[in-house]
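Student: I would like to see how this sequence folds:
(2 chains)
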Amino acid sequence: MNGHLPPGLPQPRETPTNAPMLHAWRTDGGLALQRCAACAKVIFYPRPVCPHCWDDRLVWFRAAGTGTVLSFTQVHRGLPAAFQADAPVIVAEIALAEGAAMIARIVAPDPAAVRSGMAVRLVPPAEAVRFPLPTFMPA
Amino acid sequence: MSADGAGIVGYGSSVYEKRATRTEVSYFAEAARAALASAGLGKDAVNGISISSTTLHPDNAVTTAEHLGLSPRWASVSNAGGAGAAINVLDAVRAVQTGRASCVLCLAGAAQDGAFFRERIGRFTGSFGDYVAPHGCGGMNGLFAIIQRKHAETFGTDRTQLGRIAVDQRANARANEFALLRGPMTIDDYLDAPIVADPLGLFDCVMPCSGAEAILVGPLDRAPKGKGVRVLAGREQHNHPVGEVSPIRGGWELFRDALYDEAGFGPSDVQFVQAYDDYPIMVAIQLEDLGFCRKGEVGPFLARRHMTFDGDFPINTGGGQLSCGQTGGGGGMIGLTEAVRQLRGEGGARQVPGARRGLVSGYGMVAYGHGLSASALMLEAVR
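Tutor: Residues are numbered from 1 along each chain as shown, chains lettered A, B, ... in the order given. So this is what the prediction gives:
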């Protein structure tokens, strides 16, 4: 399903720090992460320096786009207007295959089937334009 | 000023309102007048000001002094959300001890309603606005739902256990005429309420509202006889654990031993706890991290304790934010004013019998996945 970003969605501010991550998502639906050249840790969200060792040699790379649900919620009420047609919106803490954890939305045909421990992967590239940030689906 | 000579000499609360009928400074002024009256002091005694507010921008402590016609020689603003008010009061005690000021007015509150809150919540902090809100979390409820589910799936903590916090706090609120939510609530009412962000239901989520709280810090010998409150110890911790997105701990566990050592008493020696209650799950995590029970055992602990003001483990004896409403940064001070009220023996219909020592904890500054800031104070009545 193609489409476009629904109007009225909150958007991240684009900065020199996060531009590579946002561009990777917007251009081909990929997940770009930073790895520290000094301590080798993978981080999310994007930083100007490594939060673990303060080295500034952070190298962008293309992540596999897969992970595991650590915990999640289905948000039914209190959603911004732009999301209300999608209720319930599933938001999860996801452990990425590369080691970092992130908060991200999960789009699932059957919301009731989402579980902690479930494997997830990025939505197909053609659907990325519908979401402001990297978004996942059951693997 | 000797190290034990400064403490809390006054306290006050404004009325709470679901919709703001006036400005933030107006609520501050009402709470400040009450605090000065409780101390038997006038406006001219105040020469320090300290504010905890998440809605004050572009104003600050100095410009609030301008509004209120004060000329302070010490001014401070908190950066720690709902953990900030406790830190402000600790800093104010230190400011008086070191001579920076002799009487500090500590304020916390907001002029807001639900619509105002929803409008600004998406930009509450930078990382929340950039990397959480675009996913459609619906404010902070989704993040705390993720934390509660993780606690439940890790330790077995269930909604019937956590609901005891909301139910007993509501019973406390029924004796507090300032509480906005005073209707009776049973555990079935709690469990049957609409789901907001599963597993969070309606009564797990605070209601944004308007109002303010005030604490007056000064030399204890200036407090009316028998009405002073000592601040025996306080601690804060921020951004712990580094890099963890949805932790089921908050930082209190790092400082609790030092906190109790400095105070000279611990969790078994307090007559009540005023814990930061943006969500019952965070009250539960505070109780674990502060050592009232072992980590992971808060569910059974809650099931066998009675948290009403006349119970065996009084918590949030005025009803807390869950029943009174959340006045922005004032949510970090509502437990402090209630603690002082109890320690002065002025709890009225909700007085905790024999209240002599209490613990107040704060929590806040939600960013990428959780609240970054934890704080706690150990208080003791001067007799």
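Student: so who does the residue sitting furthest away from the middle of chain A touch?
Tutor: What lies farthest from the middle of chain A is A:Ala38; by CA atoms, centre = their mean that is 24.7 Å. Each residue near A:Ala38 by CB atoms under 8 Å, 6 or more residues apart in numbering or on different chains is listed here: A:50, A:53, A:55, A:57. C-beta here means a position set from N, CA and C on the backbone, and glycine is covered the same way.
Student: So the first one sits against A:Lys41, correct?
Tutor: Yes: with contact defined as CB atoms under 8 Å, A:Cys50 counts as touching A:Lys41 (6.7 Å).
Student: So which bits of chain B are right by chain A?
Tutor: Proximity of chain B to chain A is confined to B:118, B:122, B:126-127, B:129-139, B:141-143, B:145-147, B:149-150, B:153, B:194-200, B:202, B:205, B:242-246, B:368-369 under the rule CB under 8 Å from any CB of the partner chain.
Student: In the chain, where is pLDDT below threshold?
Tutor: Going with chain A. A:1-3 (pLDDT under 70).
Student: if you could check chain B rather than the one you did, that'd help
Tutor: Where chain B drops to pLDDT under 70, the residues are B:1-4.
Student: Can you tell me which of the contacts of A:Ala38 are buried?
Tutor: When these are checked for burial by 16 or more other CB atoms under 10 Å in any protein chain shown, the buried set is A:Cys50.
Student: Okay, helices next: where are they in chain A?
Tutor: A:19-28 (DSSP state H).
Student: Around chain B, pick out the residues from it.
Tutor: A:9-13, A:18, A:43, A:45, A:51-52, A:70-80, A:82-83, A:86, A:88-89, A:91-93, A:101-105, A:116, A:132-133, A:135.
Student: try 6 Å this time
Tutor: Residues of chain A found near chain B (CB under 6 Å from any CB of the partner chain) are A:10, A:12-13, A:45, A:71, A:73-79, A:83, A:89, A:91, A:93, A:101, A:103, A:105, A:116, A:132-133.
Student: Can you flag the buried ones in those residues?
Tutor: Buried residues within those, counting neighbours by 16+ other CB under 10 Å: A:10, A:12, A:45, A:71, A:73-79, A:83, A:89, A:91, A:93, A:101, A:103, A:105, A:116, A:132-133.
Student: Just give me the longest strand of chain A.
Tutor: strand A:66-75 (DSSP state E).
Student: Surely B:Val89 and B:Cys106 touch.
Tutor: Yes: between B:Val89 and B:Cys106 there is a contact under CB atoms under 6 Å: 5.3 Å.
Student: any residues in contact with both of the two?
Tutor: Common contacts of B:Val89 and B:Cys106, defined by CB atoms under 6 Å, 6 or more residues apart in numbering or on different chains, comprise B:Ile215.
Student: give me phi/psi at the nearest residue to B:His306 once chain neighbours are set aside?
Tutor: Computed as CB to CB, 6 or more residues apart in numbering or on different chains, the closest residue to B:His306 that is not its neighbour in sequence is B:Asp312, at 5.3 Å. When read as degrees, to the nearest 10, the backbone of B:Asp312 gives phi -90, psi 0.
Student: what's the neighbour count on B:Asp312?
Tutor: 9 (other CB atoms under 10 Å in any protein chain shown).
Student: Also A:Arg26?
Tutor: Using other CB under 10 Å, A:Arg26 has 14 neighbouring residues.
Student: separation between it and A:Gln84?
Tutor: Distance of A:Arg26 to A:Gln84, computed by CB to CB, to the nearest Å: 24 Å.
Student: Likewise for B:Leu105?
Tutor: Going from B:Leu105 to A:Gln84 by CB to CB gives 43 Å.
Student: the more surrounded of those two?
Tutor: Remark: of B:Leu105 and A:Gln84, B:Leu105 carries more neighbours, 32 against 13, as counted by other CB under 10 Å.
Student: these two touch, right, that one and B:Ser50?
Tutor: No: counting by CB under 6 Å, B:Leu105 sits too far from B:Ser50 to count as a contact (7.2 Å).
Student: buried residues in stretch A:18-36?
Tutor: Of the residues in stretch A:18-36, those buried (16+ other CB under 10 Å) are A:18, A:20-22, A:24-25, A:29-36.
Student: So B:Ala32 is in contact with B:Glu213, correct?
Tutor: No: if you go by CB under 6 Å, B:Ala32 and B:Glu213 don't touch, sitting 9.9 Å apart.
Student: between those two, who's got more neighbours?
Tutor: B:Glu213 (32 against 28).
Student: What are the boundaries of the strands in the stretch 1-150 of chain B?
Tutor: B:6-13, B:48-52, B:74-77, B:104-110 (DSSP state E, counting those that start in this stretch).
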